[in-house]
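Participant: 3D model of this:
(one chain, ligands or ions: 2)
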Amino acid sequence: MPEGFEQRLKGLPVSPGIAVGKLRVEARGCSAPPIRNITPAEMDAEWERFSIALNRTEGELSQLKKRVGLTSGPEEAAIFDAHLLFLRDPIITTRMHQEFPKRMHNIEAVYYAVVQNFIEMMSRVDDPYLRSRVIDIRDVLQRVLKNMDPATLPTSANSSAETCILAAYELTPSDTADLNTNQVLGFVTEAGSAVSHTAILARSLGLPAVVAVPNLVVDSRAGSPAILDGYNGLLILNPTEETLEQYRSLRAERDKAYSEYKAMRDLPAITRDGHRIRLAANVEFVHEFDSITQSGAEGVGLFRTEFFLLGNGGGVPDEEAQYEHYRKLVEACAPHEVIFRTLDSGGDKLPYEDLDTKEDNPFLGWRGIRVSLSRPEMFKDQLCAILRASAHGKVGVMFPMVSGITEVRASLELLEECRAELRERGEEFDPHMRVGVMIEVPSAAMIADILAKHVDFFSIGTNDLTQYTIAVDRVNHRVAGMFRPTHPGVVRLMHRAMHAGVPTAICGEMGGDISLVPLLVGLGAAEISVGTHLLPLVRHAIRSLSYEECRTMAQQALQAEDSTTIRELSRQLALRAYPQLF
Ligand code: PEP
Ligand code: MG
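Facilitator: Numbers count the residues shown, from 1 in each chain. Ligands and ions are numbered 1, 2, ... in the order given. Sure, this is the predicted structure:
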């Protein structure tokens, strides 16, 4: 591609927003320190340098942890616990004691070799989560090397006073937490995944971010004008005046929508012809609690508890700690309802515990409700904590990845045991707490009428329902083009679930797709739950629509033969109703 021509690089959108600026390109990770032979007489002094560097790094990481804890929340701060543990990892210490006398090189060269070796070993592990933790180890390596010799530090992302879009092979979590958000408008990396801590921190800093862009560092030129589209996962290099204009107005529209939402936050999500939809928020982290009420969400439609339960690296919190955490959320959202989804570990998310054998198909394996039912004590701790939180406001609970009635019966039995235990302990709870299941496995959608006899509501997880219905791995970029929630098979299953006799919510990413809101409303969704940043757009969309028109369009969609036709039917209605959002 000749320089100066518009070029679009595609990656994974992990943090929404649009940044326009000059590109700043960071070299790959940290480079190997120069090797120098040493004499036996120098050995003690080298150990001393190493020990000082470790202590300094420990101090820095503890400071960083404290700062991130204050600005983002305890889950994000806990990212640095893993760094601190690795810093004093006995495997590395033992190897240093073996390798240093053998190699007789300067100690930073030995440390680099030992850690690189460890990284290579980790990179070969099949578990994508463990592989993604390599970045944390590089982060520690980089800091220790810098603390032995500041000259080994790669150019800092903050060193220029100019604003920029940062392009890097990878960014470590501490690089990300250290970014000066007055200068760095957004970032894009060649490595990374949506579950990486870097992505999590980008969202909590409010920085647009795109990861997993192939050949990014080779294709990027420092100083090139660029647009980073954190909604669609695009880095546009050398944008033409037309593209710039398009994005400027897109950004202006998004900004406008946001100010409109501020003005509209107290207005109900109601169609022009009076059909009411509950508009709720999807939440993962404690620092988002404030934004729930600020966004005007009618409570929480999906609280993904796994980030809290498994995110601190120190084991699952006990009932009491969970209760305290859940209570805070319930009180923050009162009088609205908070729906807690019980632990959904496995698949592409954190495992509940290390498995002795690798799972060949983790999405079809030990995931969601299957894990909870095979660890009843852990499950009951969570259910008791949720029940107790229900004494402080309106609470609902739902079970993830349900595939059949047996799992529902077993979960309800455990819930009943928890109620009995709490009564015996004299603990208060709401005896009418709503109980629901997620519809995200096709078999559950097919037997929705049976499930509906046992629960109060459904919530459709469109991410997994699409994955399991079309048999397309939701995190495999090779088949990403096939991931179509408007596939007639998915749409028909959703319709079936919505008409099985209990109110049905949508809590997957499809709910935030502005083109598809008419389809969801027309199919019969009682509730749409989306990330708080998308709420203003969805509220505006619902208020601009006619329910009757949506219903007629949805009937046509149910007869359509392919996903493109269905998307187009919905998009055309959306374009007519709220053209300003496109
Ligand atoms: C879904 O599958 O659509 C969903 C909301 O759950 P998660 O994305 O957490 O699997
Ligand atoms: Mg899911």
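Participant: count of residues packed around Glu241?
Facilitator: Applying the criterion other C-beta atoms under 10 Å, we find 7 residues in the vicinity of Glu241. Where C-beta positions appear, they are placed from N, C-alpha and C, glycine not excepted.
Participant: cool, Glu108 as well?
Facilitator: Neighbour tally, Glu108, other C-beta under 10 Å: 25.
Participant: helix or strand: which one has Ser459?
Facilitator: strand 457-460 (DSSP states H and E).
Participant: following that strand, which helix or strand comes up?
Facilitator: helix 462-470.
Participant: give me the distance between that following helix and the centre of its chain.
Facilitator: Remark: helix 462-470 is offset 17 Å from the chain centroid, using C-alpha atoms, centre = their mean, to the nearest Å.
Participant: output the contacting helices and strands for that helix.
Facilitator: If contacts are counted by 3 or more C-beta pairs under 8 Å, 6 or more residues apart in numbering; DSSP states H and E, helix 462-470 sits against helix 442-446, helix 488-498.
Participant: is there proximity between the longest one and ligand 1?
Facilitator: Okay, so that is helix 488-498. No. Helix 488-498 stays clear of ligand 1 (C-beta under 6 Å from any ligand atom), getting no nearer than 11.1 Å.
Participant: what is the rounded mean pLDDT of that helix?
Facilitator: Average pLDDT, helix 488-498: 98.
Participant: check whether the helix or strand just after that helix comes near ligand 2.
Facilitator: Sequence-wise, the next helix or strand downstream of helix 488-498 (DSSP H and E) is strand 504-506. No. Using C-beta under 5 Å from the ion, strand 504-506 stays clear of ligand 2, with a minimum separation of 12.0 Å.
Participant: just the buried positions in stretch 564-580, please.
Facilitator: By 16 or more other C-beta atoms under 10 Å, the buried positions in stretch 564-580 come out as 566-567, 569-571, 573-574, 577-578.
Participant: residue contacts, Val140?
Facilitator: The neighbours of Val140, taking C-beta atoms under 8 Å, 6 or more residues apart in numbering as the test, are 57, 61, 83, 86-87, 115.
Participant: ligand 2: which of the residues you listed is nearest?
Facilitator: Nearest to ligand 2 among the contacts of Val140 is His83, at 29.3 Å by C-beta to the ion.
Participant: now render the buried residues of stretch 564-580 as TSV, adding secondary structure.
Facilitator: Output for the buried residues of stretch 564-580, formatted as TSV (DSSP: H, G, I helix; E, B strand; the rest coil):
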residue	secondary structure
Ile566	helix
Arg567	helix
Leu569	helix
Ser570	helix
Arg571	helix
Leu573	helix
Ala574	helix
Ala577	helix
Tyr578	coil
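Participant: ok, Lys328 touching Phe289?
Facilitator: Yes. Contact between Lys328 and Phe289 holds when scored by C-beta atoms under 8 Å: they sit 6.9 Å apart.
Participant: higher neighbour count, the two?
Facilitator: Set Lys328 next to Phe289 and count neighbours by other C-beta under 10 Å: Phe289 wins out with 18 against 14.
Participant: quick check, the more buried one in contact with Val283.
Facilitator: Yes. Counting by C-beta under 8 Å, Phe289 does reach Val283; the two are 7.4 Å apart.
Participant: now do the shared contacts for the two.
Facilitator: Counting by C-beta under 8 Å, 6+ apart, the shared contacts of Phe289 and Val283 are Leu329.
Participant: what residues does the protein put near ligand 1?
Facilitator: Within the chain, the positions lying close to ligand 1 (C-beta under 6 Å from any ligand atom) are 302, 304, 344, 440, 461-464, 507-508.
Participant: sorry, back to before: what's next to the strand holding Ser459, contact-wise?
Facilitator: Contact with strand 457-460 is made by 301-302, 339, 341, 396, 398, 434-440, 448, 451-452, 494, 497-498, 500, 502-508, 525-527, 529, as judged by C-beta under 8 Å, 6+ apart.
Participant: burial measure for Asp136, as a count.
Facilitator: For Asp136, the neighbour count with other C-beta under 10 Å is 22.
Participant: now Asp44
Facilitator: Counted with other C-beta under 10 Å, residues neighbouring Asp44 total 9.
Participant: can I take it that it is in a strand?
Facilitator: No. Secondary structure of Asp44 (three-state DSSP): helix, not part of a strand.
Participant: near ligand 2, from the residues of the chain next to ligand 1?
Facilitator: Applying C-beta under 5 Å from the ion, the subset of the residues of the chain next to ligand 1 adjacent to ligand 2 comprises 440, 461, 464.
Participant: per-residue pLDDT of the last one, please?
Facilitator: So that's Asp464. 93.
Participant: quick check: chain neighbours aside, which residue is closest to it?
Facilitator: In space, and not counting its chain neighbours, Asp464 is closest to Glu440: 3.6 Å by C-beta to C-beta, 6 or more residues apart in numbering.
Participant: quick check: the one you found touching Phe399?
Facilitator: No. The pair Glu440 / Phe399 is not scored as a contact, 10.4 Å apart, by C-beta under 8 Å.
Participant: the more surrounded of those two?
Facilitator: Higher neighbour count among Glu440 and Phe399: Glu440, with 29 against 26, using other C-beta under 10 Å.
Participant: for the more buried one, give me its contacts.
Facilitator: 400-402, 460-465, 468, 508.
Participant: ranking the residues you listed by neighbours, who comes first?
Facilitator: Highest neighbour count within those, by other C-beta under 10 Å: Ile460, with 30 neighbours.
Participant: so who does the residue nearest to that residue when sequence neighbours are not counted touch?
Facilitator: The shortest distance from Ile460 to any residue other than its chain neighbours is 4.7 Å, reached at Ile439 (C-beta to C-beta, 6+ apart). Taking C-beta under 8 Å, 6+ apart, we find Ile439 in contact with 402, 445, 448, 458-461, 465, 493-494, 497, 504.
Participant: if we go to 6 Å?
Facilitator: 445, 458, 460, 497 (C-beta atoms under 6 Å, 6 or more residues apart in numbering).
Participant: and what of His487?
Facilitator: Contacts for His487 (C-beta under 6 Å, 6+ apart) come out as 470, 563.
Participant: quick one, grab the pLDDT at Asp290.
Facilitator: Looking at Asp290, its pLDDT is 81.
Participant: near ligand 2, which residues of the stretch 451-582 of the chain?
Facilitator: Contact residues, the stretch 451-582 of the chain versus ligand 2 (C-beta under 5 Å from the ion): 461, 464.
Participant: and the ones next to ligand 2 among the residues of the chain next to ligand 1, which is closest to Ser295?
Facilitator: Proximity of these to Ser295 (C-beta to C-beta) peaks at Gly461, which lies at 21.1 Å.
Participant: that closest one reaches Met438, doesn't it?
Facilitator: Yes. The criterion here is C-beta atoms under 6 Å, and Gly461 meets it with Met438 at 4.8 Å.
Participant: quick one, phi/psi of Glu284?
Facilitator: Main-chain torsions, Glu284, degrees, to the nearest 10: phi -120, psi -30.
Participant: tell me, how many residues neighbour the residue lying closest to Met104 once chain neighbours are set aside?
Facilitator: Nearest non-adjacent residue to Met104, counting by C-beta to C-beta, 6+ apart: Ile38, 5.7 Å away. Neighbour count of Ile38, defined by other C-beta under 10 Å: 17.
Participant: per-residue confidence at Ile38?
Facilitator: 91.
Participant: do Glu306 as well
Facilitator: According to the prediction, Glu306 has pLDDT 88.
Participant: that one against Thr342, yeah?
Facilitator: No. Using C-beta under 6 Å as the test, Glu306 is too far from Thr342 to be in contact (9.1 Å).
Participant: which parts of stretch 303-323 are buried?
Facilitator: For stretch 303-323, a neighbour-count test (16+ other C-beta under 10 Å) marks 303-312, 316-317, 319, 322-323 as buried.
Participant: out of those, which sit inside strands?
Facilitator: Members of the buried residues of stretch 303-323 lying in strands (criterion: DSSP state E): 303-304.
Participant: helix or strand next in line after the lowest-mean-pLDDT helix or strand in the chain, which one?
Facilitator: Here the helix or strand of the chain ranked lowest by mean pLDDT, DSSP states H and E is helix 128-132, holding a mean of 67. Using DSSP H and E, the next helix or strand after helix 128-132 towards the C-terminus is helix 134-148.
Participant: nice, that's everything, thank you.
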